[in-house]
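# 3D model of this:
(one chain, ligands or ions: 1)
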Amino acid sequence: MTLTVRWVVLLFAMVIVPSVSAQSVVGIGDPLLPSAGNPGYDVLHYTIDLNILSVETGEMTAVTEIELMPTTVLRRFNLDFSSLDISALSVNGAPADFAFARGELTITPASPLAVGETVAVRIEYQGTPRQSVNPIIGVGGYTVYDDGIYVAGQPNSAASFIPVNDHPRDKATYDITLTVPEPYLAVSNGVLESETDNGDTTTYAYVMNDPMASYLITLAVGEFDVYPQTGPGDLPMRTYIPPDADASVAGAFKRQGEMIEYFETLFGPYPFESSGGIVVDNPRMGFALETQAMPIYSLGIVESAGELVVAHELAHQWYGNSVSVESWDDIWLNEGFASYAEALWVEYVDGGAAFRGYLRDFYMTARRSRVLPGAPSLRTLFDGAIYHRGALTLHALRLRVGDEVFFDILRTYSDEFRYGNAATDDFIGVAETVSGEDLTALFDAWLFGELPSPASLGL
Ligand SMILES: [Zn+2]
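A predicted model of the protein is given here:
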């Protein structure tokens, strides 16, 4: 995620108090978000079918099918879901009891579910989703704005419109089908499998064949100019831009293919089957988010940050999306890496002096903050230090072990944890194994200690 400066100021002025009642609900075990996700099962696949009845209000009818596997005998289980109106709910084809409380949908199947069996949950529902209350960005999730609808939010977003195990630890594959009225088009994550003209409506079917964390789901409905491109290895890329946007906005995405090609030399193979971007003209949206294989950007952030924000969100496809956080307090593994990738792009395009200048700016942010990248709170999850001191941690590692070993570490890490989850200790483990060095002091200082001097980085 990238926040605009104005937005950051607003956010940090807000007093953020997570709901105490929500925390009393048992979640998947995240130290910062105790109610997020649910234990007891592993979701394998979501089939989401949304029929958007009105783009103006966001009203929909929906069917979400969830294929899951219990990891313990389940007499009942929870999904995260805001209170849309459920008209039918079945487990393995048989009607099941359910109840809502505080964003949790508790399902009691007719008989207990055995460990290891594949279970099909089917939920039909309708209504007008509301934005989820997001402890970090205020609101997030399913959002209706003047020009259409989009979904974006971190750390929670998906439960605003689908029943879901809403934590990065439970990744799954997805089929997302969107039916929207003419003249709007609809976009979501992954490969566009089909586009069907039904007369008054159009149905778009997207497939995400690689595991995806639920906060990385996006969709957008509206009128866009579509810019198709081809990336390395014939990678299909589509970028969706508001029709009245300045030409410089499309220009920011021109070098996406080259970015992916360059990052592949540093990080290893691009992990997904497609790429692209969605630009949303909603002045109330002050961020970009690395939604899987189809990042979503506010128009304002593309206008102000240009291709650097594109480099940031693309780098997240390796670090954040393919390799996801084990817990939200590992967030520097996402943001430090994506921020360092911005600097690497600057180094590639403009050379070493520009690169060092970019890192000096990072050091200024780090010096202004007391937040430790290795120990954020819920409130400081997107503090500048997570991004920029996190990036400087990687630069310190690069200076210590040299370029060859450093990029070997980055590639080994993205390969070893591809499509999975990693914690800070996992990355440190890879760095020590690949380099053959004890790096405890370096990571302790940069992630958990007093900010080291700029001279230690030659800045
Ligand atoms: Zn980011």
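
# Would you mark the buried spots in the helix or strand in which Asp361 is found?
Taking DSSP states H and E as the criterion, Asp361 maps to helix 352-368. The neighbour-count check on helix 352-368 (16 or more other Cβ atoms under 10 Å) flags 355-356, 358-359, 362-363, 365-366 as buried. In this view, the C-beta of every residue, glycine as well, is placed from N, C-alpha and C.

# how about the closest residue to Val115 other than its chain neighbours, what does it touch?
In space, Val115 comes closest to Pro70 once its chain neighbours are excluded; the distance is 5.3 Å by Cβ to Cβ, 6 or more residues apart in numbering. Contacts for Pro70 (Cβ atoms under 8 Å, 6 or more residues apart in numbering) come out as 40-41, 77, 113-117, 119.

# run the last query once more with 6 Å
41, 113, 115 (Cβ atoms under 6 Å, 6 or more residues apart in numbering).

# Quick check: phi and psi at it.
phi -60, psi 140 (degrees, to the nearest 10).

# For it, give the beta-bridge partners.
Tyr41 (DSSP bridges).

# Next one: the residue sitting nearest the centre point of the chain from Asp210, what distance?
By Cα atoms, centre = their mean, the chain has its centre lying nearest to Leu216, at 3.6 Å. Noted for Leu216: a distance of 11 Å to Asp210, by Cβ to Cβ, to the nearest Å.

# now swap in Gly127 and tell me
For Gly127, the distance to Asp210 - Cβ to Cβ - is 30 Å.

# got the residues of the stretch 301-450 of the chain near the ion?
By Cβ under 5 Å from the ion, the part of the stretch 301-450 of the chain that sits against the ion consists of 335, 338.

# pLDDT below threshold where in the stretch 301-450 of the chain?
Nowhere does the stretch 301-450 of the chain drop to pLDDT under 70.

# For it, which residue gets nearest to the ion?
In the stretch 301-450 of the chain, no residue comes nearer to the ion than Ala338, which is 4.3 Å away by Cβ to the ion.

# Hey, what's the angle from the strand or helix carrying that residue to helix 352-368? Just curious.
In this assignment (DSSP H and E), Ala338 forms part of helix 332-350. Helix 332-350 runs at 150 degrees relative to helix 352-368, counting by axes from the mean of the first three to the mean of the last three Cα atoms, to 10 degrees.

# Which helix or strand contains Ile409?
Counting by DSSP H and E, Ile409 is found in helix 403-416.

# Pull out the buried positions in that helix.
Those buried within helix 403-416 under the rule 16+ other Cβ under 10 Å are 405-411, 413-416.

# same check, this time on stretch 258-267
259-260, 262-264, 266-267.

# Could you list which of the residues you listed also contact the ion?
Okay, of these, nothing touches the ion (Cβ under 5 Å from the ion).

# JSON lines for the residues you listed, including distance to Ala441?
Listed next are the buried residues of stretch 258-267 as JSON lines, based on distance: Cβ to Cβ, whole Å:
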{"residue": "Met259", "distance to Ala441": "34"}
{"residue": "Ile260", "distance to Ala441": "35"}
{"residue": "Tyr262", "distance to Ala441": "32"}
{"residue": "Phe263", "distance to Ala441": "29"}
{"residue": "Glu264", "distance to Ala441": "32"}
{"residue": "Leu266", "distance to Ala441": "26"}
{"residue": "Phe267", "distance to Ala441": "26"}
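
# now, which of those residues sits nearest Val249?
Met259 (16.4 Å; Cβ to Cβ).

# for that closest one, what are its contacts?
311, 314.

# Could you do Gly37 as well?
With Cβ under 6 Å, 6+ apart, Gly37 has these contacts: 27-28, 165-167.

# Can you show me the helices along the stretch 151-300 of the chain?
Applying DSSP state H, counting those that start in this stretch to the stretch 151-300 of the chain gives helices spanning 247-251, 256-267, 299-305.

# Name the next helix or strand following the last one along the chain.
For helix 299-305, the following helix or strand on the C-terminal side (DSSP H and E) is helix 307-315.

# next SSE after that next one?
strand 324-325.

# And the contacts of that next one?
Against strand 324-325 from outside (Cβ under 6 Å, 6+ apart): 168, 213, 421.

# and the stretch 1-150 of the chain, which residues reach the ion?
Met1.

# per-domain residue ranges of the chain.
Per the record, the chain has its domains at 2-223, 324-457, by automatic domain parsing.

# Report the distance from the longest one to the chain centre.
Spelled out, that is domain 2-223. 13 Å (Cα atoms, centre = their mean, to the nearest Å).

# Mean confidence (pLDDT) on that domain, please.
Mean per-residue pLDDT for domain 2-223: 89.

# Start and end of it, how far apart?
One end of domain 2-223 to the other measures 24 Å (Cα to Cα, to the nearest Å).

# and if you look at stretch 415-426?
End residues of stretch 415-426 are separated by 13 Å (Cα to Cα).

# Buried ones in it, by neighbour count?
Within stretch 415-426, the residues scored as buried using 16+ other Cβ under 10 Å are 415-417, 421-422, 424, 426.

# what does that stretch contact?
Counting by Cβ under 6 Å, 6+ apart, 169, 211, 268, 322-324, 326, 330, 374 sit against stretch 415-426.

# Taking these together, which two end up most distant?
Farthest apart among the contacts of stretch 415-426 - using Cβ to Cβ - are Pro211 and Gly374, which lie 25.6 Å from each other.

# Contacts only, for Tyr363.
Taking Cβ under 6 Å, 6+ apart, one finds 454, 459 in contact with Tyr363.

# What's the local residue count around Leu192?
Neighbourhood size, Leu192 [other Cβ atoms under 10 Å]: 16.

# which two in the buried residues of stretch 415-426 are spaced the farthest apart?
Once Cβ to Cβ is applied, the buried residues of stretch 415-426 give Asp415 and Thr424 as the farthest pair, at 18.2 Å.

# Could you measure from Asn321 over to Met208?
Distance from Asn321 to Met208, by Cβ to Cβ: 11 Å.

# Unless I misread the structure, Asn51 falls within a helix.
No - counting by DSSP: H, G, I helix; E, B strand; the rest coil, Asn51 is located in no helix; its state is strand.

# count of neighbours near it?
Neighbour tally, Asn51, other Cβ under 10 Å: 17.
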